[in-house]
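A.B. asks: Dropping the sequence and predicted coords here.
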Amino acid sequence: MPGSRLTYQDRQQIASGLADGLGYAEIARRLQRPTSTISREVSRNGGYDAYRAGHADEATRQRAHRLRKPPPATAPAADEGVRDFEEQFTAMMVRSGMPRMPAKVFVCLLTSETSSLPAAELVQRLQVSPASISKAVAYLEQLRLIRRERETRKRRERYVIDADVWYLACSQVVEFCATWENAARRGAEVLGGTPAGARLDEMSQYFENVGRDLARSAERWQHIFRTR
């Protein structure tokens, strides 16, 4: 019932929805609950990939009976707001095609105070193995979304989101457009004046113009942000 506490049956439906790949909003609609209730429930009990109804129900009972000093009034709302944002932003990136672990690592870096974290802290925050972090970092590096930075004194690496990350990401899209443009142009030359040749020539022109426009826009906004 809306407004009441989640029951074990509710948690079973949440687990079933996650297993089916549903988003928090759809699960919340089916249970007639606020989306924030579902995202908090999942983030407190293992996250999207590890949520289990029985474990979540037992953990909730233990928290309810645990005696502890209440935190400051503003802290829980702020913490929950950040967790909700992280879960939702990660889900958005996954829907856009990014694997879940790289998305989680990127969101951790994006929401950190300095936009950089060492591997050990990422392991601790995400509760995963160092190997999982290493694979996620390699994926994000390939997309030019992060870079490694050596900390000489501590003999460890930090993973950093640079200020020009979006410019670098756009530059990669420009390169993608150039690759498709050149391939299509070659096809148009090979097929000559045929309908397929005309189709490929049009494709080449499309990617040529889109790539050029994107490059100009990226340069312009990079300059604006640098001079602020």
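C.D. replies: Now that the structure is in, tell me what you want to look at.
A.B. asks: rest of the way, CA atoms for contacts and neighbours
C.D. replies: Noted.
A.B. asks: Could I get the pLDDT score of Pro72?
C.D. replies: Here, the pLDDT recorded for Pro72 equals 47.
A.B. asks: ditto for Arg61
C.D. replies: 77.
A.B. asks: What is the burial count for it?
C.D. replies: By other Cα atoms under 10 Å, the residues close to Arg61 number 10.
A.B. asks: Could you check which helix or strand contains it?
C.D. replies: helix 53-65 (DSSP states H and E).
A.B. asks: ok, now Val107?
C.D. replies: helix 100-111.
A.B. asks: Mind giving me the packing neighbours of the helix holding Arg61?
C.D. replies: Secondary-structure packing of helix 53-65 (3 or more Cα pairs under 8 Å, 6 or more residues apart in numbering; DSSP states H and E): helix 8-19.
A.B. asks: Report all helices and strands that the helix it packs on contacts.
C.D. replies: So helix 8-19, by 3+ Cα pairs under 8 Å, 6+ apart, packs with helix 24-31, helix 53-65.
A.B. asks: Moving C-terminal from the longest one, which element do we reach first?
C.D. replies: Just to be clear, that refers to helix 53-65. Moving toward the C-terminus from helix 53-65, the next helix or strand (DSSP H and E) is helix 74-95.
A.B. asks: again with the first one
C.D. replies: Tracing the chain C-terminally past helix 24-31 and defining elements by DSSP H and E, one meets helix 35-44 next.
A.B. asks: Which strands and helices lie in contact with that next one?
C.D. replies: Helix 35-44 makes packing contacts with helix 24-31, helix 74-95 when contacts are defined by 3+ Cα pairs under 8 Å, 6+ apart.
A.B. asks: Quick check on Gln127: phi, psi?
C.D. replies: Torsion angles at Gln127 (phi, psi; degrees, to the nearest 10) stand at phi 60, psi 50.
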